[in-house]
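J.: return atomic coordinates for the entry below.
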Amino acid sequence: MKRVIVLLLLALIVITASACQNIEKVEPEEGRVIDGQEVIAKVNDEFILKSDYDREVANVKSVLEANGMDFSTAEGKKILREVKEKVLESMINDRLILWQAREHDISLDDEEFNEAIKQLEKYHGGKDALETYLKQQGYDRKTFEAQVREQLIINKFKEKLTADVKVTEEEVKKYYDENKEMFELPSPEIRASHILVDTEEEAREILSKIRGGADFEELAKMYSKDPGTKDLGGDLGFFAKGKMVPEFEEAAFALNPGEVSDVVKTEYGYHVIKVTGRRSSLSFEDAKEDIRNNLENAKKDKEFAKHIEEWEKQSKIEKYL
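T.: Modelled structure (predicted):
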């Protein structure tokens with residue numbers, strides 16, 4: 001679900017470039033009034049409203065300006081023109097995809113839609129926070145929910161058409177071997193486990209058991225007060241300096257893999273820490289799932305783009321930009 005949420009959020013502000021081979025550029029002005037509506041494009045018999053297009057352009061422009069883009073310069077004006085073209089291409093492609101989705105009977109049930117809205121509200125900090133965000137972006141709730149529904153259908157259709165696209169283990173390993181510099185970490189990381197208790201006396205009793213040969217993970221499951229790591233045998237995963245409170249960090253980074261600390265006091269209580277690993281780059285095992293997902297998504301995008309190109313050839317598209 002997390003990946004879907006990320007796709008939904010990006011769909012509201014991010015432009016995607018794809019070739020439109022069958023577009024008739026009707027006139028240089030932006031927009032045209034047809035049947036009393038101001039439209040920016042026509043895809044077969046369906047209009048794309050200029051108000052929707054203007055809002056999407058404004059959202060993308062706002063993001064770019066927040067990252068330092070100055071649209072008042074000659075270069076900025078050129079980039080803005082490209083932004084407008086890519087936004088419109090993206091909106092046209094969405095119309096083509098939704099048209100085909102209807103032809104293939106791709107639908108969305110209420111449960112899928114309601115779960116997506118629930119996750120978006122959670123992401124923004126609640127229903128009221130989402131409402132505030134929508135107002136800032138120029139959306140009313142009805143328009144926003146319509147776009148969410150459409151994007152879910154687009155994602156569902158894409159998944160169906162690209163379900164057979166896979167990446168082999170050899171492709172993943174090849175990418176890792178050819179791009180190892182990408183997996184170097186900005187600073188060394190350690191992997192550590194801990195047992196957290198309320199009193200120094202409890203911590204010293206546990207430390208005594210560890211030094212007597214007791215299993216650290218089992219003791220963590222029995223005694224640790226940290227609900228996030230207790231069932232994992234105290235495992236905190238890998239982390240760099242600056243991620244933990246100073247007392248904990250100082251003690252942990254002083255250890256070599258396999259070593260156990262003395263009792264460490266922090267604002268959370270008393271800890272016994274064991275370092276289980278150290279790294280300066282991601283191993284193939286650590287990185288392979290992310291690589292696989294990225295390569296697979298790229299393959300799916302390429303395969304889906306082929307379908308869009310075919311749909312463009314079958315369509316009559318007019319662009320008033």
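J.: which strands or helices does the strand or helix carrying K78 pack on?
T.: In this assignment (DSSP states H and E), K78 forms part of helix 74-103. When contacts are defined as 3 or more C-beta pairs under 8 Å, 6 or more residues apart in numbering; DSSP states H and E, helix 74-103 sits against strand 37-43, strand 46-49, helix 50-66, helix 141-161, helix 284-313, strand 317-319. Using the backbone N, CA and C atoms, a C-beta is placed for each residue, glycine as well.
J.: what's the angle from that helix to helix 50-66?
T.: Interaxial angle, helix 74-103 versus helix 50-66 (axes from the mean of the first three to the mean of the last three C-alpha atoms, to 10 degrees): 130 degrees.
J.: tell me which residues of helix 74-103 are tucked away?
T.: Of the residues in helix 74-103, 79-80, 83-84, 86-101 count as buried by neighbour count, 16 or more other C-beta atoms under 10 Å.
J.: need the helices for the stretch 101-250 of the chain, in chain order.
T.: 110-124, 127-137, 141-161, 169-178, 200-211, 216-223, 246-253 (DSSP state H, counting those that start in this stretch).
J.: of all the ones you listed, which one is nearest E46?
T.: For those, proximity to E46 was assessed by C-beta to C-beta; helix 141-161 is nearest, at 12.3 Å.
J.: L161 against E303, yeah?
T.: Yes. Taking contacts as C-beta atoms under 8 Å, L161 lies within contact range of E303: 7.4 Å.
J.: higher neighbour count, these two?
T.: Comparing L161 with E303 by other C-beta atoms under 10 Å, the one with more neighbours is L161, at 19 against 14.
J.: what sits against that one?
T.: Contacts for L161 (C-beta atoms under 8 Å, 6 or more residues apart in numbering) come out as E303, F304, H307.
J.: any idea how far it lies from L108?
T.: 16 Å (C-beta to C-beta, to the nearest Å).
J.: again, but for S208
T.: 59 Å.
J.: which of the two has more neighbours?
T.: L108 (16 against 10).
J.: show me what contacts the more buried one?
T.: L108 sits in contact with R149, L152, I153, K156, where contact means C-beta under 8 Å, 6+ apart.
J.: list just the nearest of the contacts of L161 to E247.
T.: The closest of those, once distances to E247 are taken by C-beta to C-beta, is F304, at 51.2 Å.
J.: so where is the stretch 1-150 of the chain shaky, pLDDT-wise?
T.: Applying pLDDT under 70 to the stretch 1-150 of the chain flags residues 1-28.
J.: shaky segments in the stretch 201-321 of the chain?
T.: In the stretch 201-321 of the chain (pLDDT under 70), no residue qualifies.
J.: quick one: G68 is in a helix?
T.: No. G68 sits outside any helix when classified using DSSP: H, G, I helix; E, B strand; the rest coil, being coil.
J.: what's around it, how many residues?
T.: 6.
J.: identify the residue spatially nearest to R95, adjacent ones excluded.
T.: Excluding the flanking residues, the one nearest R95 by C-beta to C-beta, 6 or more residues apart in numbering is V43, at 4.0 Å.
J.: contact partners for that neighbour?
T.: With C-beta under 8 Å, 6+ apart as the criterion, the residues that contact V43 are I92, R95, L96, W99, S315, K316, I317.
J.: CSV for those residues, including distance to A287?
T.: Shown next, in CSV, are the contacts of V43 (distance: C-beta to C-beta, whole Å):
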residue, distance to A287
I92, 37
R95, 38
L96, 36
W99, 39
S315, 41
K316, 46
I317, 41
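J.: what is the nearest of the residues you listed to Y139?
T.: Minimum distance to Y139 across these is 18.9 Å, recorded for R95 (C-beta to C-beta).
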